[in-house]
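S.K.: model this:
(chains A and B)
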Amino acid sequence: MRPAWRLSINNLSARPSRTFLLVATVLLSSGLIAAVSCSMASLHQGLKARVEATVGRSDMRIDKAGKDLFPQDLLRAVEAWPETRLAVGRLRDALTLRRITSGDGAAGPTPPVGLIANGVMLDREFELRPLNIIAGKPLSAPGQILLDERAAQLLKAGVGDRVQVVRPESTLERAAGSLGKLGELIKKAGQATGVAAQAPPTFVVAGITKQPAIGIGVVLRPEAVLPIDALRAITGRGQLISDADIILKDSRDAPALASRHAAAFETGITLRTSEKITSGLNANIQQSQVGMTIVSMLAYLAASFIIMTGLTTNVNERQRELAMLRCIGGTRWQMGEGQLVMGLLVGVMGALGGVPLGMLGALLLVKLFPEQLPGGFAINPLGLSLAVAGSIMAGLLGAAWPAIRAARTSPLEALAVRSRPARGSRIALCGVVGAALAGVHLAIIFGLSDPNTVFWGDITVGLPSMFVGYFLLSVPLLVVVTYVLGPALGRLLRVPGDILPRTILATPYRFGFTAGAMMMGLALLVAIWTNGRSAVEDWLDNLRFPDAFVAGVAIPEATRDKIAALPFVTDTVSIQMLPMKTTAFGLKAFDHTSTTFIAFEPEPFFKMTTLTWIQGTPEDAIPKLKAGGSVLVAREFQATRGISVGDSITLTYEDKPYDFRVVGVVSSPGLDIVNKWFEVGEDYAEQAVNAVFGTRDDMRRLFGVSSVRLMQIGLRTEVDGVKVDDAAAMRTIKEIGGAGIIDAGSGRQILDEIRGYLTGSLYVFSLIAIGAMLVACFGVANLIVAGIQARQFEFGVLRAVGAQRGLLARLVIGEALIIALSACILGVAMGVHGAKAGQRLNELLIGIKLTGWPPLWPTVFGCVAVIFITLAAAAPAIIGLNRKRVRELLGAVRG
Amino acid sequence: MIRCVNVHKAYKTADREVLALRGIDLTIDSPGFYAIMGASGSGKSTLMHLLGGLDKPDQGEIFVAGNALHTLDERALTLFRRTQIGIVFQQFNLIPTLTARENVELPGMLAGDDKAKLHKRSGELLERLGVLQRAGHRPDALSGGEQQRVAIARSLLYSPRVLLADEPTGNLDSVSSANLWTLLKELSQTQEMTVVMVTHEPAAAANCERILVLRDGKMFGQIETEGLDAAGVASVYQQLVRAA
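M.R.: Here you go, the predicted structure:
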């Protein structure tokens, strides 16, 4: 074994508690990275499973833009292709069911459940998409239905139970009865539409299927599977289907077939290979991997600073030992190599412990939260490799400066071991270099304008510079804090004279970098809350939703008319949506970013919706919109690309570009957010940013979309003296609205729930920041222990000349408080710096303008947490110091 | 064995330059036990550091065990210290986390020597110095005299022709000190080594065959100690110093 290795192993094993603390810092960082990466892999696995479950064994798929319905006749043409082995159609529609409990078929007490019904061709469906049946059997006859787990749970139904379709008319009496006077009015309206009552169909539950859910933040609608003819009979859709899947005789023919036949279909009907369907998801996963890499890099940079400070303290303590080694023939390289080996060993041990711990943590999360992580435990090879490589790099990087220090040890100087005060000029240089590095980050963020350059410059140069800069700034800042607060704090803690400030100023680098280690978590907390609160206040609070929304699947005109006729509805607007690609946002590296094309009838929409016109006017825009080929764009388009009225914008749909003229720039009414909230569109794999607004005519003409999935509704506050309750109104619409309706929600309710979700997310992310503080806590504990051990002789002298035990404890507490206060100042400063940089990046990449400064209470909470954690980290060392006898302290090896 | 020709050395402190050696001329051309004495600040330790290759002179020439130290670079000086010379300090300077045997083997470990050979050699040295039974103990478990013996054993690992000892008994009691002086004298005789000891104690110097006296950075005189005891040495030394 090389001598440096032997000496390093010996050095680490001789100081087990301090080695443990250093290793723990790296271990927790790598564990965190491993746990997050495996959890993300689980999420992605769930997403992929969902997509693949939808795609099944299909080689190709036909569907219509906007999830619209199209004639089943198309299947015959597809079956006629010589390459086709099997073509399977499916109808997806909205359905409301209730479980029947009494033998005579009357409705039971269970509430109705709105769900997505999949009407399938019994003779072919299960060859294409085998179902994961967890109870009962597959469908084998008409009159049977399969429920997914969620539907079964909501309906409280099991295998063999009977469920009944809830027709709007059948609920009229019940709804009217529960709504009092309003109900009487509704009943009158319902009778006025002249809808004839029919006997509601019933089905027997043949089996329960596993719901391939997605995971955190995405709640899919419950689903059922029944014969397609039965579904058509209920919904009256005729010979229409939602999509068709094709199994080829040879899968390899798929791309050629797609290019040969795609043009033959009418506008809006798309023929795609299954690979294309899943490729979009892979692109999203790729983007999240980049985010993961950035976070890992920052976490390990923090860990490397802690290691650097710990090992540098070790070098300082062992000056005489290193000098002696040089005296007896140790070369400079061997001294440096020893430090590098120690760093490497700390990194390796951290990885060996942290990665399995992180994987175990992810496994536990999957077991404890199966609904949020339904994809099961998954390993992310890239994430785990990052965790291992990052640990080792953190150890080596952290050991670099101590290695240089050790290699520069002069035998003579170290043998003398004179107390040498830190040079003020060097501390000032630290400050200057630190400020310059922080300035480099600011220059990249605010000095450049191309979003791609800013983003990649930020990741490769800016963020590391900011990091290192603030660490360097920690030293002069600590000196200032010591000068300003040290004497007063000393008096408060009854530490006589200038002992407290002088002790700290004797080794400003050690104390300064310790403060730097603690600042990270606070900076993260401040940045999260600054921009998170801004997102809620600047963005969400400025959204002006209409009174209510109704969401569904291809909501038929009859249903829309019925809703419009309800006595408490003032007006309605039908909305269509289609995801598209645009180059207006995001990064070139990730191809085009998604946006949403939202279509409506201009006049009723503008009458109902409060839009702020940044450029253009309704009077000018409406005729141009109606003429076709024109759009309004959200103001974020202007913010990122300077797109204005009169400009042309290209949107890509199914790889085809479409050019539009911009006739207005408006504040977004948030309809894309509402669509996601209802989760009807299965666009969970899409991460659309902002929206463009056009007409339904253009949607029909260019993309072949005629179906409506969303309706905006205006509500009266009272009808004939009867006050209209929002919740009652929504319940009514859901129950008696008609075919195609999945859900209804008031604008206020949706806004409140989104606000609650965002605020909840802030608390979740705050936990990550607290976690970062706790990781730093181990490093801080190591440094405080090292500091105490290095000064044991001095402490012994203090005790010998009459200082009480309590004085030493109060001295170390004072030191810990100075460290914590410096960390608070640094953390808040770096947090504000990071938040402002984040705001700028947001604006550049997705056009959303966030403003704002750190909110008071989260910042105060963060500072209190820093102080508490620092004192807690120091506590064991203080207790240990207090227990030592004077002779023990005086007998400590010096230098 | 050892020769210095017009050696000058200065050190910079915070506010001034100190001329530690101002033209030392010195020759020791046979094995033996020699002492260097002088008042505080006379340049004793500086001379010792230069002879040990821990530093280089500003001016002049230094030859030790056939090596022209003034011409060697950093790496060559390090190798010189590892194998050509032994150095013993006042403060023992053992690695606290290594056992006595491991401390003795340390230069060999740094050189990457064979473990088995090192083990055998360290055993021989520890036995010769009377501390083999303490081989497995760490320094904090050894007495001052034992630690210094271990330090001497380490310095003898490569059988150097020159051994330098800088106040080796400064931290020892009188009995341990006397034992150590006797040991060093024996080494100079049995191993044909040149042992040079810096000391301010006449009792220590009395064990040496010649005392080199420094004053104000220059060679002031020499004292032959044959027939002199500690008191005699002290007396002669005082006369020499007073006569200046």
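S.K.: Pull the distance from the strand or helix carrying residue A:355 to the chain's centre.
M.R.: Counting by DSSP states H and E, the element that carries residue A:355 is helix A:332-368. Centroid separation for helix A:332-368 versus its chain: 27 Å, with Cα atoms, centre = their mean, to the nearest Å.
S.K.: tell me the mean pLDDT over that helix?
M.R.: Helix A:332-368 carries an average pLDDT of 90.
S.K.: same for it, what does it pack against?
M.R.: For helix A:332-368, the packing partners by 3 or more Cβ pairs under 8 Å, 6 or more residues apart in numbering or on different chains; DSSP states H and E come out as helix A:3-14, helix A:16-55, helix A:274-317, helix A:319-327, helix A:381-407. No exception for glycine: its C-beta is placed from N, CA and C like everyone else's.
S.K.: Between helix A:3-14 and that helix, find me the angle.
M.R.: Put simply, helix A:332-368 runs at 50 degrees to helix A:3-14, going by axes from the mean of the first three to the mean of the last three Cα atoms, to 10 degrees.
S.K.: Report the angle between helix A:332-368 and helix A:381-407.
M.R.: Using the same axes, to 10 degrees: helix A:332-368 against helix A:381-407 is 150 degrees.
S.K.: Going by neighbour count, which residues in helix A:332-368 are buried?
M.R.: Within helix A:332-368, the residues that qualify as buried are A:332, A:334-351, A:353-355, A:357-359, A:361-363, A:365-366, counting by 16 or more other Cβ atoms under 10 Å in any protein chain shown.
S.K.: Need the helices and strands packed on helix A:332-368 in TSV (columns: mean pLDDT, distance to chain B and mean neighbour count).
M.R.: Converted to TSV, these look like this (pLDDT from 0 to 100; distance: least, Cβ to the nearest Cβ, whole Å; neighbours: other Cβ atoms under 10 Å in any protein chain shown):
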stretch	mean pLDDT	distance to chain B	mean neighbour count
helix A:3-14	86	4	18
helix A:16-55	79	11	23
helix A:274-317	72	11	20
helix A:319-327	83	4	24
helix A:381-407	88	11	22
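S.K.: ok, longest helix in chain B?
M.R.: helix B:174-190 (DSSP state H).
S.K.: which other helices and strands contact that helix?
M.R.: strand B:32-38, helix B:144-155, strand B:162-166, strand B:194-198, helix B:202-205.
S.K.: Surely residue B:96 is in contact with residue B:140?
M.R.: Yes - at 6.4 Å, residue B:96 counts as touching residue B:140 under the criterion of Cβ atoms under 8 Å.
S.K.: Isn't residue A:125 up against residue A:88?
M.R.: Yes - with contacts counted by Cβ under 8 Å, residue A:125 reaches residue A:88, the gap being 5.9 Å.
S.K.: what about residue A:716, how many residues close to it?
M.R.: 16 (other Cβ atoms under 10 Å in any protein chain shown).
S.K.: What sits closest to it if chain neighbours are left out?
M.R.: residue A:568 (5.1 Å; Cβ to Cβ, 6 or more residues apart in numbering or on different chains).
S.K.: For the residue of chain B found nearest chain A, which non-adjacent residue is spatially closest?
M.R.: Closest to chain A within chain B is residue B:82: 2.3 Å, counting by Cβ to the nearest Cβ. The spatial neighbour of residue B:82 that comes closest, neighbours along the chain excluded (Cβ to Cβ, 6+ apart), is residue A:329 at 2.3 Å.
S.K.: give the contact list for the spatially closest residue to residue B:38 that is not a sequence neighbour.
M.R.: Spatially, and ignoring its direct neighbours in sequence, residue B:38 is nearest to residue B:214 (3.6 Å; Cβ to Cβ, 6+ apart). Shown in contact with residue B:214 (Cβ atoms under 8 Å, 6 or more residues apart in numbering or on different chains): B:24, B:36, B:37, B:38, B:42, B:43, B:44, B:47, B:220.
S.K.: Could you rerun that using 7 Å?
M.R.: Taking Cβ atoms under 7 Å, 6 or more residues apart in numbering or on different chains, we find residue B:214 in contact with B:36, B:38, B:42, B:43, B:44, B:47, B:220.
S.K.: same check, this time on residue A:391
M.R.: A:26, A:30, A:347, A:350, A:351, A:354.
S.K.: What is the burial count for residue A:652?
M.R.: Neighbour tally, residue A:652, other Cβ under 10 Å: 16.
S.K.: Counting neighbours, which bits of the helix or strand hosting it end up buried?
M.R.: Per DSSP H and E, residue A:652 falls inside strand A:648-653. Going by neighbour count (16+ other Cβ under 10 Å), the buried part of strand A:648-653 is A:649, A:651, A:652, A:653.
S.K.: Including pLDDT and distance to chain B, could those go into TSV?
M.R.: Shown next, in TSV, are the buried residues of strand A:648-653 (pLDDT from 0 to 100; distance: Cβ to the nearest Cβ, whole Å):
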residue	pLDDT	distance to chain B
A:649	90	68
A:651	90	69
A:652	88	65
A:653	87	70
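S.K.: Show the residue spans covered by the strands in the stretch 501-650 of chain A.
M.R.: A:548-552, A:569-582, A:593-600, A:613-615, A:630-634, A:648-653 (DSSP state E, counting those that start in this stretch).
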